[in-house]
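S.K.: Give me a model of this one.
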Amino acid sequence: MPATRFEDYKDKYEHIKLERDADGILLVTLHTDGSDVHFGLPV
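M.R.: Here you go, the predicted model:
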């Protein structure tokens, strides 16, 4: 089974920003439309 490449899933989630730093560590940022994350918003 081939490994999943970062480029294949890094933009998959609307409110999660995924990045890799220079050492390859995965950085995860939760956000609401690019700003601060908001929990419990009406749908």
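S.K.: L18: what's it in contact with?
M.R.: L18 sits next to 6, 9-11, 26-28 when contact means Cβ atoms under 8 Å, 6 or more residues apart in numbering. Where you see a C-beta, it was placed from the backbone N, CA and C, and this is true even at glycine.
S.K.: quick one: which of these has the most company?
M.R.: The most crowded member of those is K10, carrying 14 neighbours; neighbours defined as other Cβ atoms under 10 Å.
S.K.: Surely that residue is in contact with E19?
M.R.: Yes. Distance between K10 and E19: 7.5 Å, which falls inside the contact criterion (Cβ atoms under 8 Å).
S.K.: Secondary structure added to the contacts of L18, as CSV?
M.R.: CSV is the format used below for the contacts of L18 (DSSP: H, G, I helix; E, B strand; the rest coil):
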residue, secondary structure
F6, helix
Y9, helix
K10, coil
D11, coil
L26, strand
L27, strand
V28, strand
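S.K.: out of those, who's nearest S35?
M.R.: Distances from S35 to the contacts of L18, taken as Cβ to Cβ, are shortest for V28 (16.3 Å).
S.K.: what about this protein, any weak spots by pLDDT?
M.R.: For the chain, the stretches with pLDDT under 70 are 41, 43.
S.K.: ok, now with 90
M.R.: Judged against pLDDT under 90, the low-scoring parts of the chain cover residues 1-3, 32-34, 36-43.
S.K.: Quick check, central residue of it?
M.R.: For the chain, K17 is the residue whose C-alpha lies nearest the centre (Cα atoms, centre = their mean; 2.8 Å).
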